[in-house]
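Engineer: no letters, just coordinates:
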């Protein structure tokens, strides 16, 4: 094994440790590759900067210049495996690829880069293969991207020049309950802490499977944006005792809160000068008051029809961490 391969193996085996990366940067500089060494050092420094650091602006400007010039060259080893990638702390740590490709190239992918995050494209029908792949245990972040969601977004944007805007009969390949179940019951999902299910087709049955799964207690971020789990789903989260480590929750556009009928009646009552609201707490208020979510700091409820009391409860619990 060459020196380069030895250094890379150490970095991939210790993806959270900066030391092997900095040692590698020193070696690169000794070999005459000072540009790559500078990029690694600056990205590591940037990852640890405080928000008010006076070096932030210069470092970000320099990193953009280096990445524009050398990104293609540095990402070349992953060509044919990843459709796109993002650098973090000097190396590709986040990639996007079709779910069906992961089991085929996972071994090579993790040998070449310390990847911790993957966005799976078109996951429907392939997540059981992903779940059975031992290399899944390398991931701490899993996201999903479907052709269906991209098409719908393009169509709703009203852009007539978008190639997606003329798509007819787009297949619904959003992740659903069956594929989610395969992922969350995998014996290799042991390091998963961030789970993005936004734009999926998850029902309350699928949500219940997730909340009862072994990975629920591992999650620090859960994104359910756009899954129509409604009030029932919000109530399930509020009453769940397995999300003790959850810090960020996105339940925007999930159909929670007032229905159109309830909104009409509330408006009618207002016109009748009746300011009374139900004394029974809503699911949103239950979540705001839940003691089952001790670490929750940020919650996104945008796109749901909320009572004023819901908003007050969320602001009282989460302050600026309540996105409503």
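Structural biologist: Sure thing, it's come through. Since the model is a prediction, treat every value here as computed from it, not as a measurement. Numbering: from 1, shown residues only.

Engineer: surely residue 225 meets residue 249?
Structural biologist: No - Residue 225 is not in contact with residue 249 according to CB atoms under 8 Å; the separation is 10.2 Å. All C-beta atoms are positioned from the backbone trio N, CA, C, and that covers glycine.

Engineer: looking at those two, which has the bigger crowd around it?
Structural biologist: It is residue 249, of residue 225 and residue 249, that has more neighbours when counted by other CB atoms under 10 Å, with 24 against 17.

Engineer: what residues does the helix or strand where the more buried one lies touch?
Structural biologist: Element membership of residue 249 [criterion: DSSP states H and E] is strand 248-250. Applying CB atoms under 8 Å, 6 or more residues apart in numbering, the external contacts of strand 248-250 come out as 198, 220-225, 237, 293, 296-300.

Engineer: could you point out the longest strand of the chain?
Structural biologist: Assignment by DSSP state E gives strand 91-98 as the longest strand of the chain.

Engineer: any idea how far it is from the chain center?
Structural biologist: Strand 91-98 sits 13 Å away from the centroid of its parent chain (CA atoms, centre = their mean, to the nearest Å).

Engineer: next, the buried residues of that strand.
Structural biologist: For strand 91-98, the neighbour count (16 or more other CB atoms under 10 Å) marks 91-97 as buried.

Engineer: any stretches of this structure with poor pLDDT?
Structural biologist: Low-confidence segments of the chain, defined by pLDDT under 70: 147-172, 258-279.

Engineer: strands of that one, start to end?
Structural biologist: In the chain, the strands defined using DSSP E lie at 84-88, 91-98, 117-121, 141-145, 194-196, 221-223, 248-250, 298-300, 322-323.

Engineer: for the first one, packing partners?
Structural biologist: In this case it means strand 84-88. Strand 84-88 makes packing contacts with helix 34-47, helix 56-75, strand 91-98 when contacts are defined by 3 or more CB pairs under 8 Å, 6 or more residues apart in numbering; DSSP states H and E.

Engineer: how about those, which one is nearest residue 310?
Structural biologist: Closest approach to residue 310 among those (CB to CB): strand 91-98, 34.5 Å.

Engineer: contact partners for the residue nearest the centre of the chain?
Structural biologist: For the chain, residue 196 is the residue whose C-alpha lies nearest the centre (CA atoms, centre = their mean; 3.7 Å). Applying CB under 8 Å, 6+ apart, we find residue 196 in contact with 119, 141-144, 221, 223.

Engineer: mind running it again at 6 Å?
Structural biologist: By CB atoms under 6 Å, 6 or more residues apart in numbering, residue 196 lies in contact with 143, 223.

Engineer: for beta bridges, what are the partners of it?
Structural biologist: residue 223 (DSSP bridges).

Engineer: for residue 142, see how far away it is.
Structural biologist: For residue 196, the distance to residue 142 equals 7 Å [CB to CB, to the nearest Å].

Engineer: ok so, going back, quick one: the helices and strands packed on strand 84-88 as JSON lines, columns for distance to residue 231 too.
Structural biologist: Listed next are these as JSON lines, based on distance: least, CB to CB, whole Å:
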{"stretch": "helix 34-47", "distance to residue 231": "39"}
{"stretch": "helix 56-75", "distance to residue 231": "42"}
{"stretch": "strand 91-98", "distance to residue 231": "33"}
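
Engineer: so which of these is nearest residue 110?
Structural biologist: Comparing those by CB to CB, strand 91-98 comes nearest, at 10.6 Å.

Engineer: got the angle between the closest one and helix 34-47?
Structural biologist: Angle of strand 91-98 versus helix 34-47, following axes from the mean of the first three to the mean of the last three CA atoms, to 10 degrees, is 80 degrees.

Engineer: what angle separates strand 91-98 from strand 141-145?
Structural biologist: Interaxial angle of strand 91-98 relative to strand 141-145 (the same axes, to 10 degrees): 40 degrees.

Engineer: does anything pack onto strand 91-98? Which helices or strands?
Structural biologist: Applying 3 or more CB pairs under 6 Å, 6 or more residues apart in numbering; DSSP states H and E, one finds that strand 91-98 makes contact with strand 84-88, strand 117-121.

Engineer: let me know which of the ones you listed is tucked in deepest.
Structural biologist: Across the helices and strands packed on strand 91-98, averaging neighbours per residue (mean count of other CB atoms under 10 Å) puts strand 117-121 on top, at a mean of 21.

Engineer: re the thing from before, now render the helices and strands packed on strand 91-98 as JSON lines, adding distance to residue 20.
Structural biologist: Output for the helices and strands packed on strand 91-98, formatted as JSON lines (distance: least, CB to CB, whole Å):
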{"stretch": "strand 84-88", "distance to residue 20": "15"}
{"stretch": "strand 117-121", "distance to residue 20": "19"}
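
Engineer: right, and those strands - which one's nearest residue 253?
Structural biologist: Across these, residue 253 has its closest neighbour in strand 117-121 (19.6 Å, CB to CB).

Engineer: on that earlier part again, and the helices and strands packed on strand 91-98: which comes nearest residue 289?
Structural biologist: Proximity to residue 289 (CB to CB) singles out strand 117-121 among the helices and strands packed on strand 91-98, at 32.9 Å.

Engineer: compute the inter-axis angle for the closest one and strand 84-88.
Structural biologist: Using the same axes, to 10 degrees, the direction of strand 117-121 lies 170 degrees away from that of strand 84-88.
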